[in-house]
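Sequence first, predicted coordinates after that:
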Amino acid sequence: MASRERGVHDIENEMVFQSNQGFVFHDSRGFEAGGHSEFDMVKAFIARCSKGGCLSIHVIWYCIPMDEDGRSFTEAEVKFFSQCDTGSIIVLFTKFDALYDDEFAELISKGVSRKDAEVLAPRNAKEAFADGP
């Protein structure tokens, strides 16, 4: 069941794909709430794995939700990228469609027709994303 509630994750739990047991995943709680304990757990896990304490980390998938108005990097994200010796990172910007909704609403409030707003909103969202908050 889909939910907007924050999930509970334990980075120590391994998730292994049955179809390819070479794919082993660990999922942590997000940093978006600014919790220091979440960051400390992830940092310790990465440090332990980099010293051979677990299977080596090949890549970190880091998800950044774009559904918050004026979203920029949080303090915790800046801390993660500057303090964790992570190796390869793939950053995923999720919920990008929320930017379309924001741009669509702004265009409508300026008197743009719904038809034109539907065309312009995706372009404006991409520009807003590239320009940052």
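Looks like it came in fine. Residues are numbered from 1 along each chain as shown.

which stretches of the chain form helices?
36-50, 75-83, 97-109, 114-131 (DSSP state H).

what's the second one packed up against?
Helices and strands touching helix 75-83, by 3 or more Cβ pairs under 8 Å, 6 or more residues apart in numbering; DSSP states H and E, are helix 36-50, strand 60-65. Placement of C-beta: from N, CA and C, glycine included.

angle of it against helix 36-50?
20 degrees (axes from the mean of the first three to the mean of the last three Cα atoms, to 10 degrees).

got it, and the third one?
An angle of 140 degrees separates the directions of helix 97-109 and helix 36-50 when computed by the same axes, to 10 degrees.

ok, residues contacting helix 97-109?
Here helix 97-109 makes contact (Cβ atoms under 8 Å, 6 or more residues apart in numbering) with 66-67, 69, 114, 116-118, 120-122, 124-125, 128-129.

Quick one: mean pLDDT over it.
Mean per-residue pLDDT for helix 97-109: 91.

thinking again about what came up before, out of the helices of the chain, which is closest to residue 14?
Residue 14 lies closest, by Cβ to Cβ, to one member of these: helix 36-50, at 11.6 Å.

now the angle from the closest one to strand 60-65?
Inter-element angle recorded for helix 36-50 and strand 60-65: 160 degrees (by the same axes, to 10 degrees).

No further queries at this time; thank you.
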